[in-house]
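[1] Next come a sequence and a model predicted from it.
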Amino acid sequence: MQGARPMELVPDSRGSFRMPIVTVTRRLRFNAAHRVHNPSLSDAENTRLFGKCNNPNWHGHNYALEVSVRGPIDERTGYVIDLGQLRDVVEREVIDLTDHRNFNIDVPYMRGINPTTENVVVAMWKVLAPAIAPARLIRLRLWETENNYVDYEGE
Ligand code: NI
């Protein structure tokens with residue numbers, strides 16, 4: 001009978017059929033202040049390494065966080081995950097604790113961590129991966145400026 005299985009099915013390696021695996025991404029924006037500083041180095045070394053981002057009295061960035069989830073398309077909804085629900089989780093777990101805050105002082109998941117973009121994205125992963133499960137977080141992309149972003153995939 002035609003239509004007994006969804007049109008979208010793709011062959012798998014064993015010769016049967018399954019729903020396609022798709023990556024979906026939600027972007028969220030926030031603003032935050034920081035000072036990139038390693039207290040175990042001298043002031044001169046901090047200035048040399050971090051430049052403007054070592055400014056003692058902080059400075060801000062307009063960040064964008066892209067959250068990517070990968071999985072099979074759900075037959076009933078046609079979604080991998082409801083992006084509205086994904087947004088709600090990310091806002092609750094990360095954005096609400098971060099937006100208009102200072103990474104060095106205010107943000108609980110960054111306590112004691114030098115807030116480079118690399119360190120921020122890893123700290124966000126540790127919070128988000130379990131919160132998003134059983135959906136599978138596969139990448140966080142954190143933009144610090146229009147030209148600079150970092151990717152983390154849980155390694
Ligand atoms: Ni900076």
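    Great, that's in hand.

[2] Quick check: bridge partners of Glu66?
    Counting by DSSP bridges, Glu66 is bridged to Arg27, Arg141.

[3] same question, Arg136
    Arg136 has the following beta-bridge partners by DSSP bridges: Arg70.

[4] was I right about it contacting Arg70?
    Yes: applying CB atoms under 8 Å as the test, Arg136 and Arg70 come out as touching, 5.5 Å apart. Yep, even glycine has a C-beta here, placed from its N, CA and C like the rest.

[5] any shared contact partners between these two?
    Common neighbours of Arg136 and Arg70 are not found (criterion: CB atoms under 8 Å, 6 or more residues apart in numbering).

[6] The closest residue in space to Val122 that isn't next to it in sequence pairs with what?
    Among residues not flanking Val122 along the chain, Tyr152 sits closest, at 5.7 Å (CB to CB, 6 or more residues apart in numbering). Per DSSP bridges, the residues bridged to Tyr152 are Leu140.

[7] dump the residue contacts of Tyr152.
    Applying CB under 8 Å, 6+ apart to Tyr152 gives the contacts 118, 121-122, 125, 139-140, 142.

[8] Kind regards, and thank you for your time.
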